[in-house]
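Chemist: Prediction below, plus the sequence it came from.
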Amino acid sequence: MEKLCVLVVDDDREIVDSIAIFLEADGYAVEKAYNGLEALDIVMTRPVHLLLLDIMMPELDGVKTLLKVRESKNIPIILISAKSEDADKILGLTAGADDYITKPFNPSELVARVKSQLRRYTQLGAMQVRETQIAIRGLVLDTDSKQVTIDGDEVRLTPLEYKILELLCRHPGRVFSTEEIYRRVWNDEVVSDNAIAVHIRHIREKIEINPKEPRYLKVVWGVGYKIERNE
């Protein structure tokens, strides 16, 4: 079986080589580029399944490179950004990036994000969501079997964790207070903020690649919790 190919683009050659080592150890083929123009040439002439793209680069920066790639390719693109590049990061996501990771990053997290995007690109695009399923991007709940999957991988939740997650997923974007969660899940008026917080933390640890930067389960400080509709 042909290996999936990741193109790593950064003007820092040590970063490119370091990322390549971790990706190749996980079974991926790796192409390397050191500016946007080199990246475009590779994307247009060789089979590339995912693009890891630094924002700040000479010749052609990451956001402009992203826009050019999106004119003809629908491959997953993950931006690599520094903390000071938040505005460019938002611009890149608006322009069509699938995800971002901030320097300095944990190599295991980067590989997990690559794996997540490639699985979604190669498998989940054709997946049909059944009437019994609630699907929010890569998160799928089956309300019959009570099974939860993230990008195709099963996640094991306790019954209470599942009930909380299902409540939030049935109303994506809506913020639920701790009182309402407690009333609807525990069927009780006596509220324990700590009990809710503990269960939310456990759910995050199971469904998020990086619980400290959650894609799905968000806290609205002073109000409650919600499931985010979009990345």
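Modeler: Yep, that arrived.

Chemist: Tell me which residues touch residue 82, please.
Modeler: The contact partners of residue 82, by Cβ atoms under 8 Å, 6 or more residues apart in numbering, come to 55-56, 102-103. For glycine as for every other residue, the C-beta is placed from the backbone atoms N, C-alpha and C.

Chemist: Can you flag the buried ones in those residues?
Modeler: For the contacts of residue 82, a burial check counting by 16 or more other Cβ atoms under 10 Å picks out 55-56.

Chemist: Can you pick out the most distant pair from the contacts of residue 82?
Modeler: For those, the farthest-apart pair by Cβ to Cβ is 56 and 102; their separation is 12.8 Å.

Chemist: Just to be sure, residue 101 is in a helix?
Modeler: No - assigned with DSSP: H, G, I helix; E, B strand; the rest coil, residue 101 falls outside any helix and is strand.

Chemist: That one and residue 158: what is the separation?
Modeler: Residue 101 sits 30 Å away from residue 158, going by Cβ to Cβ, to the nearest Å.

Chemist: These two: who's more crowded?
Modeler: Just comparing residue 101 and residue 158: by other Cβ atoms under 10 Å the higher neighbour count belongs to residue 101, 21 against 12.

Chemist: beta partners for the more buried one?
Modeler: Bridge pairing for residue 101 (DSSP bridges) gives the partners residue 80.

Chemist: Just confirm residue 102 contacts residue 79, I think it does.
Modeler: No - if you go by Cβ atoms under 8 Å, residue 102 and residue 79 don't touch, sitting 9.3 Å apart.

Chemist: Return the set of buried residues in the helix or strand of the chain with the lowest mean pLDDT.
Modeler: Lowest by mean pLDDT, DSSP states H and E among the helices and strands of the chain is helix 86-95, with a mean of 76. Using 16+ other Cβ under 10 Å as the test for burial, helix 86-95 gives 88-89, 91-93, 95.
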